[in-house]
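> attaching a predicted model along with its sequence, questions to come.
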Amino acid sequence: MQQIDAQITPLPRLDDEPTFNEAWQAQVLAIAQNLVAQGTIAADDWSNALGAALRELQVDAESDTVENYYQAALNALETVLQVNCGVSKQVMDQRKSDWTRAYETTPHGQSVKL
Amino acid sequence: MPSFDPKKITKIHQHLHSHLPSDPALRVKALETILVEKGMVKSENIDKWVEVYADDIGPKRGAHVVARAWADPDFKARLLADGSKAVDEMGFAGPASGHLKAVENTPESHNVVVCTLCSCYPFAILGMAPNWYKTAAYRSRVVREPRAVLAEFGVELSEDTAVHVWDSTAELRYLVIPERPARTEDMSQDELAKLVTRNSMIGTDRDLKIGSA
């Protein structure tokens, strides 16, 4: 794996930061762990996909952040769903567009539904 | 006289008030709704997991395992022989945690845990992994220069203390049993558990003291 310079990353300083900065970060792990727990995806497959996604990010000392970690986790989840669960990228993109449109066209104050 | 396009104004107004979630939030929302439709996950299970792991399950579980190991030599023997089975005795075994191996610190040796591939972690007993555990810096450096990384965490090891770095996988995760602090003979297991820090169970903390947790 890539190597990160010692001087620029004061690890213990991250100790007291919250584990999740945004709800979607927790939801990514929740979906992945639910799928692993019920045997839909193998723990190894998830671990390997996450490892590959983290490598792909090619972080340096500055981008070695929690935000990027969860970005990799989301990429990994999308990959696992494509490879192991038959969910195509096209279907994911379409559903994301549907939600975007729903948010943009739902008047303020009303719940957003597809 | 100023002119405006009512359609454009409406669009801008809707956009400003739509509270459009971020790109990753929309991608996750898309995934969740697809999986719910396919019957592969239930929304309530996702919400429950987030609630439980964000709030309820933390390193306290691991601390109680360690405290019991300190106080009960038979339990410690069982924990070292088969971590998953011993933890299961305490009702803490969780799904998707893989097999658990407990490794014990001694005056002559120190154990530290990493997942060089991704971020495998015994979250059923330690809760969510700390942020530094997920960084590329920790995952690469603790293998190459464990003593330097440990020093950053305030763990200064003498040259004659051996360091063992354990690389977690999806199937095998580790719990460090730190050394029991001195002058704690009269403490109850609950009191002992309060001395155990999360980092000491990962190995980035070593000398526990009364009042250190």
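Structure received. Residues are numbered from 1 along each chain as shown, chains lettered A, B, ... in the order given.

> center of the chain, which residue is that?
No chain was given, so I picked chain A. residue A:74 (2.0 Å; Cα atoms, centre = their mean).

> right idea, wrong chain: chain B
residue B:129 (2.8 Å).

> which element is that residue on?
Following DSSP states H and E, one finds residue B:129 outside all helices and strands.

> what is the burial count for residue B:52?
Neighbour count of residue B:52, defined by other Cβ atoms under 10 Å in any protein chain shown: 13. (Each C-beta comes from the backbone N, C-alpha and C, glycine too.)

> next one, pLDDT for it please.
pLDDT recorded at residue B:52 is 82.

> from the contact counts, what lies against the top helix by length along chain B?
Secondary structure assigned by DSSP state H gives helix B:23-37 as the longest helix of chain B. In terms of contact count using 3 or more Cβ pairs under 8 Å, 6 or more residues apart in numbering or on different chains; DSSP states H and E, helix B:23-37 is assigned the packing partners helix A:23-37, helix A:66-85, helix A:89-105, helix B:43-51.

> quick one: mean pLDDT over that helix.
96.

> for the chain, which residues score under the pLDDT cut-off?
Assuming you mean chain A. For chain A, applying pLDDT under 70 flags the ranges A:1-10, A:13, A:16.

> switch to chain B, please.
Using pLDDT under 70, chain B drops low at B:1-4, B:7, B:9-18, B:55, B:93-98, B:211-213.

> where does the record place the domain boundaries for it?
In terms of domains, chain B is parsed into B:21-56, B:58-202 (source: automatic domain parsing).

> surely residue B:100 meets residue B:176?
No. Look at residue B:100 against residue B:176 with Cβ atoms under 8 Å: they stay out of range, at 11.5 Å.

> outside of the helix or strand where residue B:166 lies itself, list whatever touches it.
Residue B:166 belongs to strand B:162-167 when assigned by DSSP H and E. Outside of strand B:162-167, the residues within contact range by Cβ atoms under 8 Å, 6 or more residues apart in numbering or on different chains are B:101, B:103, B:108-117, B:142-143, B:146-147, B:150, B:157, B:174.

> would the helix or strand hosting residue B:149 count as contacting chain A?
Taking DSSP H and E as the criterion, residue B:149 maps to helix B:146-152. Yes. Using Cβ under 8 Å from any Cβ of the partner chain, we find that helix B:146-152 touches chain A at B:148-149, B:152.

> out of those residues, which end up buried?
Using 16 or more other Cβ atoms under 10 Å in any protein chain shown as the burial test, these include B:149, B:152 as buried.

> still on that earlier bit, out of the helices and strands packed on helix B:23-37, nearest to residue B:206?
helix A:66-85 (25.4 Å; Cβ to Cβ).

> now do the closest one: which elements does it pack against?
Short answer (3+ Cβ pairs under 8 Å, 6+ apart): helix A:66-85 packs on helix A:23-37, helix A:43-57, helix A:89-105, helix B:23-37, helix B:131-134.

> and the ones you listed as a markdown table, adding distance to residue A:15 and mean neighbour count?
Conversion of the helices and strands packed on helix A:66-85 to a markdown table gives the following (distance: least, Cβ to Cβ, whole Å; neighbours: other Cβ atoms under 10 Å in any protein chain shown):
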| stretch | distance to residue A:15 | mean neighbour count |
| --- | --- | --- |
| helix A:23-37 | 18 | 22 |
| helix A:43-57 | 21 | 20 |
| helix A:89-105 | 35 | 15 |
| helix B:23-37 | 25 | 19 |
| helix B:131-134 | 7 | 25 |
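
> okay if I get the ones you listed as JSON lines plus distance to residue B:187?
Shown next, in JSON lines, are the helices and strands packed on helix A:66-85 (distance: least, Cβ to Cβ, whole Å):
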{"stretch": "helix A:23-37", "distance to residue B:187": "35"}
{"stretch": "helix A:43-57", "distance to residue B:187": "37"}
{"stretch": "helix A:89-105", "distance to residue B:187": "53"}
{"stretch": "helix B:23-37", "distance to residue B:187": "45"}
{"stretch": "helix B:131-134", "distance to residue B:187": "29"}
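
> and the longest helix of chain B, how far out from the chain's middle?
Distance of helix B:23-37 from its chain centroid, counting by Cα atoms, centre = their mean, to the nearest Å, is 25 Å.
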